[in-house]
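Asker: One predicted model, sequence on top.
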Amino acid sequence: MKFGVIVFPGSNCDHDAYHVISKHVGQPVDFIWHRDTDLSTYDAVIIPGGFSYGDYLRAGALASFSPVMASVKEFAARGGLVLGICNGFQILCEAGLLPGALIRNRDLHFICRHVHVRAETSDTPFTSEVKEGEVLHLPVAHAEGNYVCDDATLAELEREGRVVFRYCDERGEVSEASNPNGSRSSIAGICSRARNVLGLMPHPERACEDLLGSSDGRDIFRSLAATLAAHT
Amino acid sequence: MKAKVYVTLKSGVLDPQGKAIQHSVGLLGYGGIADVRQGKYFEVALEETDEARARETAERMAKDVLSNPIIEDYRVEIEA
């Protein structure tokens, strides 16, 4: 199995993602420059966090128009696994690969701290090794993580079990107090209808070593690797 | 031709920046400010000389690039 990490001007979690795949997943991984368009040799593509194009216009907007994203759309349509983290989630929404949008945090601040998220489903390639209801301790670092969508989209996400992570407290209780940014229904991550595209605001790649305060993020990469191992 | 493009948040979408501005102007003593909504304004210089075609290009650009139709509305004005 082979992984690719896309690099835009302004990406800054690309090396973290690369490190986790090479060290913890132990699989080959390449950086993919945003002007490259050939994804034919990859099984999974990670769109990392950062400030692609300086967050000009809207967070993720300019990156969503870059050449590599046209290839990511085709890659996703063929069933390739796509993981968008933080700015990567914003890019996936702007590109139309995931519904809804991420706007300025409710309290305007840039939030940079560990939060708890509850895995709402094991039925994705990214959470197959996570128990439903399991609480993960992951860092967030964003100013535009406030997930919004219309009523019909929310109903569809809930009905199809596509809300993958929700902000919660350490016991797994979801409330406005445990919602760091005002996201609708405390949504921290969602997947596509075909379940092969996941976007989430927390950073699992920054939580793969106890030294960094949590290694809960490994569960997500372990799931990804297990899914690919079963299919390749 | 010049296109002026105004991009504003849709009415139902929370605007935390607008709320913060409203709060600040209240502190400065401005009374009776019922609401503040923050938006974006773009000036696009077009080489096109036909107004209808310039408008068509600017409208398409506003819809596809300058706004995110999930959360924002846009309005285009064309000037010679």
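Answerer: Thanks, I have the structure now. Predicted model, so just to flag it, every value in this text is computed and none were measured. Numbers count the residues shown, from 1 in each chain, chains lettered A, B, ... in the order given.
Asker: And the helices in chain A?
Answerer: Listed in chain order, the helices found in chain A under DSSP state H are A:14-19, A:61-64, A:67-77, A:87-94, A:151-159, A:218-231.
Asker: right, so the ones you listed: which one is the most enclosed?
Answerer: Between those, the one whose residues have the most neighbours on average, counting mean count of other CB atoms under 10 Å in any protein chain shown, is helix A:87-94 (a mean of 29). All C-beta atoms are positioned from the backbone trio N, CA, C, and that covers glycine.
Asker: Name the residue of chain A that lies nearest to chain B.
Answerer: For chain A, the residue closest to chain B is A:Ala101, as judged by CB to the nearest CB, at 4.6 Å.
Asker: dump the residue contacts of that residue.
Answerer: A:Cys93, A:Glu94, A:Tyr147, A:Val148, A:Cys149, B:Asn68, B:Ile70, B:Ile71 (CB atoms under 8 Å, 6 or more residues apart in numbering or on different chains).
Asker: one more time with 6 Å
Answerer: Taking CB atoms under 6 Å, 6 or more residues apart in numbering or on different chains, we find A:Ala101 in contact with A:Cys93, A:Val148, B:Asn68, B:Ile70, B:Ile71.
Asker: Apart from its neighbours in sequence, what residue is nearest B:Gln55?
Answerer: In this structure residue B:55 is Arg, not Gln. In space, and not counting its chain neighbours, B:Arg55 is closest to B:Ile78: 5.0 Å by CB to CB, 6 or more residues apart in numbering or on different chains.
Asker: Please verify my assumption that the one you found contacts B:Arg53.
Answerer: No. With contact taken as CB atoms under 6 Å, B:Ile78 and B:Arg53 are classed as non-touching, separated by 10.0 Å.
Asker: hmm, back to that, tell me the bridge partners for the residue of chain A closest to chain B.
Answerer: The residues paired with A:Ala101 through beta bridges, assigned by DSSP bridges, are A:Val148.
Asker: gap between it and A:Asp107?
Answerer: Relative to A:Asp107, A:Ala101 is positioned 18 Å away (criterion: CB to CB, to the nearest Å).
Asker: what does A:Val135 give?
Answerer: Taking CB to CB as the criterion, A:Val135 is separated from A:Asp107 by 23 Å.
Asker: what does A:Leu154 give?
Answerer: Using CB to CB, one gets 22 Å for the distance from A:Leu154 to A:Asp107.
Asker: Return the helix or strand in chain B with minimum mean pLDDT.
Answerer: helix B:16-27 (a mean of 93; mean pLDDT, DSSP states H and E).
Asker: tell me what the following helix or strand past that helix is packed against?
Answerer: Towards the C-terminus, the helix or strand next in line after helix B:16-27, according to DSSP states H and E, is strand B:39-45. In terms of contacts (3 or more CB pairs under 6 Å, 6 or more residues apart in numbering or on different chains; DSSP states H and E), strand B:39-45 is packed against strand B:2-9.
Asker: tell me how far the strand it packs on is from the chain's mean position?
Answerer: Averaged C-alpha coordinates place strand B:2-9 at 4 Å from its chain's average position (CA atoms, centre = their mean, to the nearest Å).
Asker: Where does pLDDT dip in chain A?
Answerer: Under the criterion of pLDDT under 70, the regions of chain A flagged as low confidence span A:232.
Asker: same question, chain B
Answerer: Under the criterion of pLDDT under 70, none of chain B is flagged as low confidence.
Asker: follow-up on the earlier one: of A:Val135 and A:Asp107, who's got more company?
Answerer: When A:Val135 is set against A:Asp107 and neighbours are counted by other CB atoms under 10 Å in any protein chain shown, the residue ahead is A:Val135, at 17 against 12.
Asker: If we ignore the residues flanking it in sequence, what's nearest that one?
Answerer: If you skip the residues right next to it in sequence, A:Val135 has A:Gly172 as its closest partner in space, 4.7 Å away by CB to CB, 6+ apart.
Asker: gap between the one you found and A:Phe126?
Answerer: Per CB to CB, A:Gly172 is found 19 Å from A:Phe126.
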